[in-house]
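sequence first, then the predicted structure, then my questions.
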Amino acid sequence: MDSESSYPKLPSLDFSKPAGVMKPGSPQWETLKSQVREAVEEYGCFEASFDRVSDDVRRAVFESLEELFELPLETKLRNASNKPCRGYVGQHPLIPLYESLGIDDAQVPESVESFTNTLWPQGNSSFSKTMQSYLEQLSELDKIVRKMIVESFGLESYMDEHMSSTKYLLRFMKYDSPNTPDAKLGLSPHTDNNTVTILHQNQVEGLEVQTKDGRWINIQPSPTSFIVIIGEALRAWLNGRLHSPRHRVMMSGNETRYSLGLFTTPKSGCVIQTAGAMVDEKHPLLFKPYDHEKFMAFYYTEAGQRAASALQAYCGI
Ligand SMILES: O=C(O)CCC(=O)C(=O)O
Ligand SMILES: [Fe+2]
């Protein structure tokens, strides 16, 4: 193996062009679109440099995360949810370094307000303002990426339906330092079940993405870049034409890692049905239509957790 193939690197794409240049149809848009398409087919993932999340907001977000996780455990547990992976997750024996909280339907300002008021009954307007600005700015990147992917498959006629069938889950993650030079599991290897995930991390490395041939790419954090990951729901809609990569977090050393995930997720009750134009003789249908929420319930059962691909086990043809 040559050195390049021993150390795979994630494609790094530049979304920091002036807004006017990034208009659909412009030459810059078309070039970036084909780079996105290549990256999501091969890696299901890429690094996006994106300067429309302002420095102030970015700094405030990571300060807010420290403030959030410093709250007493009983306070954080108030972020309860009857859905798995929506509310507080932590103190798990298999991943003892990991803790996270989430805001479902985060595109609705009241959801952010209500999360804030649950954790700070006396109020914390700086937290909710910071998170709302962050969502507003970062969701632009999600929209650009999805538009480019939909266009690249010639599915413009599905565009409005696709864009309006999703909502956002914003999750905050903290990984304690293991205080050892040996790598310890922070988050188990998994694929994301939602549509698209955008991850943002502080300066502490730990995120790893697996290539199709099983090698792990270690992602180097950078303040102005985001990691875009294709989820199973988009892979199913596009009849497996994109890759949805396994990824994990491995921690070593003595610094705490904070990260945020903007999870674009099918809306409640949404049935994922593969786009007809994606099915032909060369590409037979891979998945039966499925209700995303029912699939999520299956995912957390023993059978769902045991399956190599939970989606395949649930509705694979
Ligand atoms: O913390 C990270 O960077 C990864 C989190 C992740 O993969 C997830 O929450 O699905
Ligand atoms: Fe993930």
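Sure, I can see it. Ligands and ions are numbered 1, 2, ... in the order given.

please count neighbours and contacts with C-alpha atoms only from this point.
OK.

the closest residue to Leu119 other than its chain neighbours: neighbour count?
Closest residue to Leu119 apart from its sequence neighbours, by C-alpha to C-alpha, 6 or more residues apart in numbering: Thr75 at 6.1 Å. By other C-alpha atoms under 10 Å, 14 other residues sit near Thr75.

show the pLDDT at Thr75.
What the model reports as pLDDT for Thr75 is 96.

my guess is it is in a helix, correct?
Yes - assessed by DSSP: H, G, I helix; E, B strand; the rest coil, Thr75 belongs to a helix.

now Glu41, what are its backbone angles?
Torsion angles at Glu41 (phi, psi; degrees, to the nearest 10) stand at phi -70, psi -40.

distance of the closest residue to it other than its chain neighbours from Gly253?
Spatial nearest neighbour of Glu41, chain neighbours left out: Leu242 (4.6 Å); criterion: C-alpha to C-alpha, 6+ apart. Distance from Leu242 to Gly253, counting by C-alpha to C-alpha, to the nearest Å: 35 Å.

likewise Gln28?
To Gly253, Gln28 is 41 Å away according to C-alpha to C-alpha.

same check on Arg52?
Going from Arg52 to Gly253 by C-alpha to C-alpha gives 32 Å.

before we move on, the earlier item: okay, Leu242 and Gly253: which has more neighbours?
Comparing Leu242 with Gly253 by other C-alpha under 10 Å, the one with more neighbours is Leu242, at 24 against 16.

pLDDT-wise, which helix or strand of the chain ranks last?
Scoring the helices and strands of the chain by mean pLDDT, DSSP states H and E places helix 3-6 at the bottom, with a mean of 52.

now find how far off-centre the helix or strand just after that one is within its chain.
Following helix 3-6 in sequence order, the next helix or strand is strand 12-14 (DSSP states H and E). Distance, stretch centre to chain centre, for strand 12-14: 17 Å (C-alpha atoms, centre = their mean, to the nearest Å).

now do strand 12-14: which elements does it pack against?
Packing partners of strand 12-14 (3 or more C-alpha pairs under 8 Å, 6 or more residues apart in numbering; DSSP states H and E): helix 27-42, strand 45-49.

which outside residues touch it?
Strand 12-14 has contacts (C-alpha atoms under 8 Å, 6 or more residues apart in numbering) with 32, 35-36, 46-50.

mind putting those into TSV with distance to ligand 1?
Shown next, in TSV, are the contacts of strand 12-14 (distance: C-alpha to the nearest ligand atom, whole Å):
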residue	distance to ligand 1
Leu32	24
Gln35	23
Val36	20
Phe46	13
Glu47	12
Ala48	14
Ser49	16
Phe50	17
